[in-house]
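# Return a 3D structure for these sequence lines:
(one chain, ligands or ions: 2)
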Amino acid sequence: MVASTAGEVAMSSEEKVYNVVLKQAALVKKQPRISRDLDVNPDIVLPGTLSLLSEAYDRCGEVCAEYAKTFYLGTLLMTPERRRAIWAIYVWCRRTDELVDGPNASHITPTALDRWESRLEDLFQGRPFDMLDAALSDTVTRFPVDIQPFRDMIEGMRMDLKKSRYKNFDELYLYCYYVAGTVGLMSVPVMGIAHDSQATTESVYNAALALGIANQLTNILRDVGEDARRGRVYLPQDELAQAGLSDDDIFAGKVTNKWRNFMKNQIKRARMFFDEAEKGVAELSDASRWPVWASLLLYRQILDEIEANDYNNFTKRAYVSKAKKIAALPISYAKSLIRSSRMYPSKA
Ligand SMILES: CC(C)=CCC/C(C)=C/CC/C(C)=C/CC/C(C)=C/[C@@H]1[C@@H](COP(=O)(O)OP(=O)(O)O)[C@]1(C)CC/C=C(\C)CC/C=C(\C)CCC=C(C)C
Ligand SMILES: [Mn+2]
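Ligands and ions are numbered 1, 2, ... in the order given. Coordinates of the predicted model:
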């Protein structure tokens with residue numbers, strides 16, 4: 001908590017977001033933990049609807065494969081119903097992101113985002129607008145997914161429309177929650193917490209949030225040059241100033257020692273969020289641990305690549321080679337066999 005000059009007590013972004021985590025965890029606790037593999041029940045669908053729905057999910061899978069090969073490969077390791085649900089969530093997130101980041105972004109207004117939000121409300125009430133919405137509409141009836149993180153992601157897009165600078169890490173943290181921490185909160189109810197996990201639901205949600213934040217911080221550090229060319233600086237202005245840097249240095253795009261030192265600290269912080277996330281992966285249901293480990297290790301390696309590029313994230317895009325991606329699979333598989341709190345039940 002931070003006291004303002006008027007004596008009011010303002011909540012930090014971390015506190016605000018933690019309250020969302022607590023609410024999400026409480027909501028999912030009301031539902032039984034998913035301990036078995038659910039599958040589509042044809043008895044509850046009208047004739048013809050099932051195949052339409054299958055087509056809708058397949059299309060979501062195709063979009064996911066096209067835009068995010070790594071995530072897609074990860075989802076192939078999941079059970080069929082969970083995989084389809086993650087595809088549906090992925091596609092909704094991607095479409096939301098495209099509104100402000102895609103080819104038509106310059107025409108997007110706050111009103112368009114309001115319309116997108118009412119479509120979201122409709123699909124949660126069983127009234128999807130199109131085929132891709134229909135897949136998510138079905139997913140939210142099968143898994144205890146709440147609407148709040150979806151609304152919050154749209155809020156992040158609103159923020160992107162009106163804001164291109166972040167005063168400090170507190171402001172950046174809130175942005176990262178909106179656009180990526182939310183994905184963690186949307187995904188846990190689908191991935192499921194292991195039925196014999198001793199961890200609290202809050203701690204697993206907190207780890208999921210941390211993975212979203214870590215991914216987004218990494219994404220920001222990878223894309224500094226690209227974002228600057230769009231007039232955007234997603235770095236804390238106060239930390240830049242403390243390092244003796246300004247927006248002009250970013251637009252100039254020169255790798256100096258000041259920049260290297262600044263980047264070292266930013267990378268350190270992103271790694272701390274990855275460390276926090278790691279604590280929760282072992283608590284996920286058996287079939288979900290491997291894909292989450294794989295995606296965590298792969299995204300985390302982008303930070304190593306930024307270092308390997310001598311911190312030139314102005315003109316060099318850090319990427320993980322195919323060989324390293326393949327090498328991450330057995331490592332993540334081995335890690336997924338570790339079931340921490342279940343191995344030490346006395347911890348609870
Ligand atoms: C297997 C797995 C990890 C599944 C999650 C798949 C999913 C639903 C992804 C949605 C991603 C998405 C399209 C988000 C929209 C906003 C956005 C673009 C965020 C950035 C993603 C990376 O995208 P990319 O590199 O393509 O970026 P560009 O558009 O090219 O700039 C983000 C960096 C955020 C992604 C955040 C996550 C995937 C959160 C992961 C957390 C979990 C799956 C929870 C795991 C649970 C525990 C307990 C740790
Ligand atoms: Mn980016």
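# nearest spatial neighbour of the closest residue to ligand 2 within the stretch 1-150 of the chain, skipping sequence neighbours?
Residue nearest to ligand 2 within the stretch 1-150 of the chain: Asp101 (7.8 Å; C-beta to the ion). Heads up, the C-betas are built off the backbone N, CA and C, glycines and all. Once flanking residues are discounted, Asp101 sits nearest to Asp160: 7.8 Å by C-beta to C-beta, 6 or more residues apart in numbering.
# so how far is ligand 2 from the one you found?
Distance from Asp160 to ligand 2, counting by C-beta to the ion, to the nearest Å: 11 Å.
# Mind pulling up the pLDDT for that residue?
Model confidence at Asp160, given as pLDDT, is 93.
# go on, Arg33?
pLDDT, the model's per-residue confidence, is 45 for Arg33.
# Skipping adjacent residues, who's closest to Arg289 in space?
Once flanking residues are discounted, Arg289 sits nearest to Ser336: 3.8 Å by C-beta to C-beta, 6+ apart.
# who's in contact with that neighbour?
Val281, Arg289, Trp290, Trp293 (C-beta atoms under 8 Å, 6 or more residues apart in numbering).
# May I have the secondary structure class of Ala214?
Here Ala214 is recorded as helix under DSSP: H, G, I helix; E, B strand; the rest coil.
# what about the helices in the stretch 1-150 of the chain?
13-29, 49-67, 69-75, 80-101, 110-124, 131-142, 148-162 (DSSP state H, counting those that start in this stretch).
# any idea how far Cys64 is from Phe251?
To Phe251, Cys64 is 35 Å away according to C-beta to C-beta, to the nearest Å.
# Compare neighbour counts for these two and give me the winner.
The neighbour comparison of Cys64 against Phe251 (other C-beta atoms under 10 Å) goes to Cys64, with 23 against 14.
# need the contact list for that one.
Contacts of Cys64 (C-beta under 8 Å, 6+ apart): Phe71, Tyr72, Thr75, Ile86, Trp87, Tyr90, Val91, Arg94.
# Spatially, which two of these are the most separated?
Distance extremes for those: the farthest pair is Thr75 and Arg94 at 13.5 Å, using C-beta to C-beta.
# neighbour-wise, which of these two wins?
It is Thr75, of Thr75 and Arg94, that has more neighbours when counted by other C-beta under 10 Å, with 22 against 19.
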